[in-house]
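J.: just to be clear, the model below is a prediction. Sequence and coordinates:
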Amino acid sequence: MIDFQRLTGALDGNAALQRRAALAALSIKVSAGEEAATVRVGSRITVTSGAALDTSFSLAAPEAHWAEFAKRVPAVGFQSLVGMQRMGHLKVEGDMVAYGRNLIFLEQLFSALRPAGPAENAAPVGEPVIEPVIGRYLRLDFNGRPHRIYFEEAGPSDGGGIPLVCLHTAGADGRQYRALLNDAEITKRFRVLVFDLPWHGKSSPPPGFEREAYQLTTDLYVDTVMAFCRALKLERPVVMGCSIGGRAVLHLSLRHGDYFRAAIGLQSATHAEAGADTRLRDIGILFRPDVHGQEAAAGSVACLISPTSPQSEKWETLWHYMQGGPAVFMGDLHYYFAEGDLRNGLLDGLDTKRCPLHLLTGEYDLSATPALTAELAKLVNATSFQVMEGLGHFPMSESPVQFRRYLLPVLERIAA
């Protein structure tokens with residue numbers, strides 16, 4: 001039997017959650033098989049048996065599914081409420097806007113069903129340290145418009161080294177590669193360059209953006225990457241991208257395979273799995289006047305992170321999503337789910353001998369799943385493919401130490 005009474009202690013010692021709960025004013029019906037309870041959220045959490053009539057929405061799953069969710073390290077697909085909903089393991093009914101408005105809060109609340117993990121103590125900095133990362137702005141024209149693009153780099157001080165251009169995920173920015181930029185073993189031989197797409201991070205939208213509905217397309221993405229590389233006069237760079245970036249490296253290999261030394265696809269697939277329940281997308285939860293779209297964005301991607309990723313890295317990854325521009329994440333998803341879909345025969349022209357393609361996918365990704373990447377690897381005869389244990393959709397950001405174990409051999413192979 002699932003002990004939903006454990007939810008009453010979710011606010012203990014968490015000032016941020018206490019503040020959010022006091023403003024949430026929610027009543028939720030939770031069901032495990034035939035058993036039901038009502039969870040009321042306010043300045044404190046109460047749980048009573050039976051289903052009240054005034055609940056905002058209901059969360060229903062078989063007891064076995066709740067039991068899997070409640071494990072300290074749940075199986076793939078059970079790592080979050082949205083993940084369970086996405087996989088068809090959890091049924092959500094009622095006010096979907098209220099549900100979408102509280103995604104991150106609900107994940108924190110229901111994590112109280114799990115046993116506490118080992119304490120994570122951040123390593124002290126000690127003496128002040130200036131990181132060997134240089135940030136700059138690049139002003140350039142492409143597609144007939146002026147742009148101001150922010151990028152960071154680290155690598156050989158003489159300007160040498162193999163250029164490694166890194167592409168961030170949808171709705172986020174280049175901070176996802178912060179650990180890579182600070183990895184002396186990598187920057188000894190590679191000039192790591194990470195830029196924020198226009199509209200993202202510290203890059204500005206082009207003039208006139210206030211009259212536009214931003215949408216990322218294949219042409220726009222490819223043109224942006226190539227404009228950046230050519231402006232910096234990069235010779236035979238390696239391109240590595242994650243999520244939408246993992247799709248973009250496929251388009252870049254198709255169109256400019258002779259230019260790139262190699263491509264590394266993180267969470268790459270011909271298309272993305274929308275999930276069993278698309279209602280959060282259907283009601284436009286990412287861009288509504290009655291929803292904090294950026295918090296909803298973070299709540300919608302939290303389900304893609306591995307439950308074994310360090311909490312500090314997980315929450316920094318989600319923080320990047322909370323800081324995104326209005327509707328930017330939604331505009332990126334146009335490319336990810338629709339316009340950039342590669343189930344169109346184009347991949348028949350991808351030559352992995354001309355541009356070697358290395359694929360790395362986290363086991364806990366519910367979007368670009370290991371199965372989808374395996375299909376892609378077979379379809380294009382990928383140079384290499386590995387499933388990364390203990391990682392999800394944001395490997396370089398959610399668990400950098402685990403990610404580098406998989407990345408270093410690939411970089412070694414490319415450098416050789």
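T.: Noted; the coordinates are in hand.
J.: ok, now which ones touch Gly315?
T.: Let me fix one detail, which is that residue 315 is Trp and not Gly. Under the criterion of CB atoms under 8 Å, 6 or more residues apart in numbering, Trp315 has no neighbours. In short, each C-beta sits where N, CA and C put it, glycine included.
J.: er, Ala374 I mean
T.: 385, 387.
J.: give the next helix or strand downstream of the strand or helix carrying it.
T.: Counting by DSSP states H and E, the element that carries Ala374 is helix 370-380. Per DSSP H and E, the first helix or strand lying C-terminal to helix 370-380 is strand 384-388.
J.: how about the next helix or strand along the chain from that following strand as CSV, C-alpha atoms only?
T.: As assigned by DSSP H and E, the chain's next helix or strand after strand 384-388 is helix 395-398. Extracted in CSV, the C-alpha atoms of helix 395-398 (Å, rounded to 0.1, in the frame of the first residue of the first chain):
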residue,chain,number,x,y,z
PRO,A,395,24.2,14.4,-20.1
MET,A,396,26.8,17.2,-20.3
SER,A,397,24.8,19.3,-17.8
GLU,A,398,23.0,16.9,-15.5
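J.: what's helix 395-398 packed up against?
T.: Packed against helix 395-398, as judged by 3 or more CB pairs under 8 Å, 6 or more residues apart in numbering; DSSP states H and E, are the following elements: helix 178-181, helix 311-322, helix 400-415.
J.: contacts for the next helix or strand after the shortest one?
T.: Later in the chain than helix 178-181, the nearest helix or strand by DSSP H and E is helix 184-187. For helix 184-187, contacts defined as CB under 8 Å, 6+ apart pick out 132, 154-156, 161, 164, 180-181, 192, 404, 407-408, 411.
J.: cutoff 7 Å now
T.: The set of residues external to helix 184-187 that reach it, using CB atoms under 7 Å, 6 or more residues apart in numbering, is 154-155, 180, 192, 411.
J.: ok, and for it, which residues are buried?
T.: 186-187 (16 or more other CB atoms under 10 Å).
J.: domain map for the chain?
T.: Per the record, the chain has its domains at 4-115, 134-274+323-415, by automatic domain parsing.
J.: ends of the first one, what's the gap?
T.: So that's domain 4-115. End-to-end distance for domain 4-115, by CA to CA, to the nearest Å: 13 Å.
J.: check the last one too.
T.: Separation of the first and last residues of domain 134-274+323-415 by CA to CA is 23 Å.
J.: any idea how far Glu152 is from Ile41?
T.: Actually, residue 41 is Val. It isn't Ile. Separation of Val41 from Glu152 (CB to CB, to the nearest Å) stands at 40 Å.
J.: where does pLDDT dip in this protein?
T.: Where the chain drops to pLDDT under 70, the residues are 157, 159.
J.: ok, 90 please
T.: Within the chain, the stretches with pLDDT under 90 are 1-2, 23-25, 116-126, 143, 157-160, 273-276.
J.: ok, which stretches of it are strands?
T.: For the chain, the strands defined by DSSP state E cover 26-32, 35-41, 45-49, 57-61, 91-94, 134-142, 145-154, 162-167, 190-195, 238-242, 262-266, 357-362, 384-388.
J.: take those and write them to JSON lines, including distance to Gly208 and mean neighbour count.
T.: Shown next, in JSON lines, are these (distance: least, CB to CB, whole Å; neighbours: other CB atoms under 10 Å):
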{"stretch": "strand 26-32", "distance to Gly208": "41", "mean neighbour count": "21"}
{"stretch": "strand 35-41", "distance to Gly208": "43", "mean neighbour count": "19"}
{"stretch": "strand 45-49", "distance to Gly208": "47", "mean neighbour count": "15"}
{"stretch": "strand 57-61", "distance to Gly208": "40", "mean neighbour count": "20"}
{"stretch": "strand 91-94", "distance to Gly208": "39", "mean neighbour count": "16"}
{"stretch": "strand 134-142", "distance to Gly208": "14", "mean neighbour count": "13"}
{"stretch": "strand 145-154", "distance to Gly208": "8", "mean neighbour count": "19"}
{"stretch": "strand 162-167", "distance to Gly208": "25", "mean neighbour count": "24"}
{"stretch": "strand 190-195", "distance to Gly208": "21", "mean neighbour count": "24"}
{"stretch": "strand 238-242", "distance to Gly208": "27", "mean neighbour count": "27"}
{"stretch": "strand 262-266", "distance to Gly208": "33", "mean neighbour count": "28"}
{"stretch": "strand 357-362", "distance to Gly208": "37", "mean neighbour count": "28"}
{"stretch": "strand 384-388", "distance to Gly208": "41", "mean neighbour count": "18"}
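J.: between the contacts of helix 184-187, which sits nearest Ala371?
T.: Nearest to Ala371 among the contacts of helix 184-187 is Leu411, at 25.7 Å by CB to CB.
J.: how about the nearest residue in space to Glu131 that is not next to it in sequence, phi and psi?
T.: Computed as CB to CB, 6 or more residues apart in numbering, the closest residue to Glu131 that is not its neighbour in sequence is Asn182, at 5.6 Å. Asn182 has phi and psi values of phi -100, psi 10 when expressed as degrees, to the nearest 10.
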